[in-house]
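Participant: below are the sequence and a predicted model; questions follow.
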Amino acid sequence: MDAMPLLMLIACSAVIAAAARRTPVPAPLLLVAAGLLASYVPGIPDYTLDPEIVLPLLLPPLLHTAALDSSYLDLRANARPVALLSVGYVLFATIAVGYVAYLVVPDLPLTAALVLGAVIAPPDAVAATAIARRLKLPNRITTILQGESLVNDATAITAYKVALAAVVGEGATWGEGIREFAVAAAGGVVVGLILMVPLHWLRTHLKEPLLQNTLSLLIPFVAYAAAERVGASGVLAVVVVGLYLGHRSWQVDFATRLQEAAVWKMVGFILESTVFALIGLQLRVVLGGLGEYGVGESIWYAFAVFIVVVAARFAWVFPATFLPRKLSSRIREREPDTNWTGPVIVGWAGMRGVVSLAIAFSIPLTMDDGEAFPARNLVLFLTFTTVIATLVVQGLTLPPLIRWLKIPSPDVRAETLAEAQAQSEASAAAERLLTELLAEEWNDLPQPLADRLRTVMDRRRNAVWERLGAVNEATGESADGTYRRLARRMIGAEREVFVELRDARRIDDEMLRTLLRRLDLEEAAAYREETG
């Protein structure tokens, strides 16, 4: 692919994703729709998904960003439902979808049907994270969806390899498949465990934020490549390393943390936007290769596969949720508030994505005996239609379903109260330390500077409590909000003066950059970005 089409793809994807933020339509859906329309615009090149690019180059950073944003403690607390979905459900869906496709599609071998099942079994990490973030789902449901999407690709890729070996003539038994899955999973975890400590040590001992963030960008590729090199799961290696680094991020220098958050936010935005646009752009490629299968006949097969994909998820999610509770009093005590609405949301949030398409495009054209892979073009078509159908149908209906079920959003007041209590305890510890430090002779400090330290500490402590209290009737702001707004206005005034001095040649550009950076840090300290 030439550089210009690639740059145009990235630029257009970013513009559409940014525009989606001003609409009620989630960005993934708008990007897929734009890709579908663009695929038939004259002059648009064929953006065929190359598995040699998607799997080793796009999947690791996407998984890494999701793992960094996930909570290791929450995932550990929800290990049972996450494992049942990311391993059990993927294998169940592989068999269910494969067997139905075998029954519906004439002359489709069962082994090739199981390849299709493995390809479309795993819900997409990017789609799950994007939808959960946009809808502000309860913390436990979000954790389960994110945890599932972090691990299920490893299960699906291994199942795909076993089914593919049976099709192309390399031979594979159930015992060999189970052994290969166990080796790949255990190997990926071991590689991640081996790499995570030295990589974290490097991050904490490199003193240059630029070097630290260069390392941060390389980490997912290193973990993925190292695991794949020894026949282990690169997906699990990336996830293990990402969870560990995210859990230990507080030990990294503050400048590195600030830069790293901005860098990965940008990388994630670009990759997610490009990936969903690429999904839509596959329409012309897939239809062009459909070959001997008629479009009408293939659409019927696609409808049948989509129905079984949706039904199989519900058929697994409800027993996996309530059967363990029925069998274990300990689980009932630990999860007392579980009802039917949570499984409905988890069951309906099974959007497929780019990993399924990338795996499908990696299916070889021929088998070991030189014969063409059976129904390869149909498998590509069914994968594409399943991805599009789940993204559009489930993605568009999930928000109204959540509203209809009256799924409660996270309690903002409770979260703010917990934040205020945590800040109060931390400020009390800092105040005790400050008193001890100022009592030491070598820490003699003029009273105004000592008072400034206490004032800054008090503002941090009081700012969160103020969000729980009264607001300014004229502006709708809390006292802390007014403080931050006025502080930014004052900093803006200083910034304008510095620029005027530079333009008048009273200071040079080097000094301007130094002064502006100082103001930027002040503004960052004064202003807490509102996220949503």
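Facilitator: The structure has been received and is ready for your questions.
Participant: switch to C-alpha atoms for all contacts and neighbour counts from now on
Facilitator: Will do.
Participant: show me what contacts Met266?
Facilitator: By CA atoms under 8 Å, 6 or more residues apart in numbering, the contact set of Met266 is empty.
Participant: what residues sit buried inside the helix or strand containing it?
Facilitator: Assessed by DSSP states H and E, Met266 sits inside helix 254-281. Across helix 254-281, burial judged by 16 or more other CA atoms under 10 Å covers 256-257, 260, 263-264, 267-281.
Participant: how many other residues sit next to Leu114?
Facilitator: 27 (other CA atoms under 10 Å).
Participant: Ala182 now?
Facilitator: Using other CA under 10 Å: Ala182 sits among 16 other residues.
Participant: repeat for Leu434
Facilitator: Neighbour tally, Leu434, other CA under 10 Å: 14.
Participant: also Leu58?
Facilitator: Leu58: 19 neighbours (other CA under 10 Å).
Participant: test my guess that it contacts Ser273.
Facilitator: No. Shown here, Leu58 and Ser273 do not form a contact pair, counting by CA atoms under 8 Å, at 11.8 Å.
Participant: so which elements touch the helix or strand harbouring Gly98?
Facilitator: Assigned by DSSP H and E, Gly98 belongs to helix 90-104. On a contact count with 3 or more CA pairs under 8 Å, 6 or more residues apart in numbering; DSSP states H and E, helix 90-104 meets helix 110-119, helix 139-168, helix 295-327.
Participant: of these, which is nearest Ala360?
Facilitator: helix 110-119 (6.2 Å; CA to CA).
Participant: what is the orientation angle of the closest one with helix 90-104?
Facilitator: 140 degrees (axes from the mean of the first three to the mean of the last three CA atoms, to 10 degrees).
Participant: out of the helices and strands packed on helix 90-104, deepest packed?
Facilitator: Stretch with highest mean neighbour count among the helices and strands packed on helix 90-104: helix 110-119 (a mean of 28; mean count of other CA atoms under 10 Å).
Participant: elements contacting it?
Facilitator: Using 3+ CA pairs under 8 Å, 6+ apart: helix 110-119 touches helix 90-104, helix 139-168, helix 354-361, helix 376-389.
Participant: switch those helices over to a markdown table; also include mean pLDDT and distance to Val115.
Facilitator: Below are the helices and strands packed on helix 110-119 laid out as a markdown table (pLDDT from 0 to 100; distance: least, CA to CA, whole Å):
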| stretch | mean pLDDT | distance to Val115 |
| --- | --- | --- |
| helix 90-104 | 94 | 7 |
| helix 139-168 | 86 | 5 |
| helix 354-361 | 86 | 9 |
| helix 376-389 | 90 | 8 |
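Participant: relative to Ile402, which of those is closest?
Facilitator: In terms of CA to CA, the element of these nearest to Ile402 is helix 139-168, at 11.9 Å.
Participant: end-to-end on stretch 433-449?
Facilitator: Distance across stretch 433-449, first residue to last, is 16 Å (CA to CA, to the nearest Å).
Participant: ah, wrong one, I meant stretch 49-67
Facilitator: Termini of stretch 49-67 sit 24 Å apart (CA to CA).
Participant: check the offset of it from the chain's centre.
Facilitator: Relative to its parent chain, stretch 49-67 has a centroid offset of 11 Å by CA atoms, centre = their mean, to the nearest Å.
Participant: can you give me phi and psi for Ala375?
Facilitator: phi 60, psi 30 (degrees, to the nearest 10).
Participant: and Met351, by the same measure?
Facilitator: Per degrees, to the nearest 10, the backbone of Met351 is at phi -70, psi 140.
Participant: how about the nearest residue to it once chain neighbours are set aside, what does it touch?
Facilitator: Of all residues not flanking Met351 in the chain, Thr390 sits nearest, at 4.9 Å (CA to CA, 6 or more residues apart in numbering). Contacts for Thr390 (CA under 8 Å, 6+ apart) come out as Phe306, Gly350, Met351, Arg352.
Participant: could those residues go into JSON lines alongside distance to Glu500 and pLDDT?
Facilitator: Shown next, in JSON lines, are those (distance: CA to CA, whole Å; pLDDT from 0 to 100):
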{"residue": "Phe306", "distance to Glu500": "63", "pLDDT": "96"}
{"residue": "Gly350", "distance to Glu500": "55", "pLDDT": "87"}
{"residue": "Met351", "distance to Glu500": "53", "pLDDT": "89"}
{"residue": "Arg352", "distance to Glu500": "53", "pLDDT": "89"}
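Participant: just put the residues you listed in TSV and tack on distance to Ala463.
Facilitator: Putting these into TSV (distance: CA to CA, whole Å) gives the following:
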residue	distance to Ala463
Phe306	50
Gly350	40
Met351	40
Arg352	42
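Participant: ok, so of the residues you listed, who is nearest Ala77?
Facilitator: For the contacts of Thr390, the nearest to Ala77 is Gly350 (21.7 Å; CA to CA).
Participant: just say helix, strand or coil for the closest one.
Facilitator: coil (DSSP: H, G, I helix; E, B strand; the rest coil).
Participant: phi first, then psi, for the residue lying closest to it once chain neighbours are set aside.
Facilitator: In this structure, Gly350 finds its nearest non-sequential neighbour in Pro123, 5.2 Å apart by CA to CA, 6+ apart. As for Pro123, its main-chain torsions (degrees, to the nearest 10) stand at phi -60, psi 150.
Participant: wait, Pro123 touches Val151, no?
Facilitator: No. Applying CA under 8 Å, one finds Pro123 not in contact with Val151, separated by 10.2 Å.
Participant: what stretches of the stretch 1-150 of the chain score poorly on pLDDT?
Facilitator: Filtered on pLDDT under 70, the stretch 1-150 of the chain yields the residue ranges 1-2, 125-134.
Participant: can you map out the strands along it?
Facilitator: Assigned by DSSP state E, counting those that start in this stretch, the strands in the stretch 1-150 of the chain number zero.
Participant: the residue nearest to Leu391 when sequence neighbours are not counted: how many residues sit nearby?
Facilitator: The shortest distance from Leu391 to any non-neighbouring residue, by CA to CA, 6+ apart, is to Met351 (5.3 Å). As a burial measure, Met351 scores 26 neighbours (other CA under 10 Å).
Participant: correct me, but Met351 touches Leu145?
Facilitator: No. The pair Met351 / Leu145 is not scored as a contact, 10.7 Å apart, by CA under 8 Å.
Participant: now the residue nearest to Gly350: how far from Lys161?
Facilitator: 18 Å.
Participant: one step back: flag every buried residue along the helix holding Gly98.
Facilitator: By neighbour count on 16+ other CA under 10 Å, the buried set for helix 90-104 is 90-102.
Participant: tabulate the residues you listed (a markdown table), appending distance to Ala225.
Facilitator: Output for the buried residues of helix 90-104, formatted as a markdown table (distance: CA to CA, whole Å):
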| residue | distance to Ala225 |
| --- | --- |
| Val90 | 24 |
| Leu91 | 25 |
| Phe92 | 29 |
| Ala93 | 28 |
| Thr94 | 26 |
| Ile95 | 29 |
| Ala96 | 32 |
| Val97 | 31 |
| Gly98 | 30 |
| Tyr99 | 34 |
| Val100 | 35 |
| Ala101 | 34 |
| Tyr102 | 35 |
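Participant: and which of those is nearest to Leu382?
Facilitator: Looking across the buried residues of helix 90-104 and measuring by CA to CA, the closest to Leu382 is Ala101, at 9.8 Å.
Participant: grab the nearest non-local neighbour of the closest one.
Facilitator: That would be Ala113: by CA to CA, 6+ apart, it lies 5.8 Å from Ala101.
Participant: so what's that neighbour up against?
Facilitator: Val97, Gly98, Tyr99, Ala101, Tyr102.
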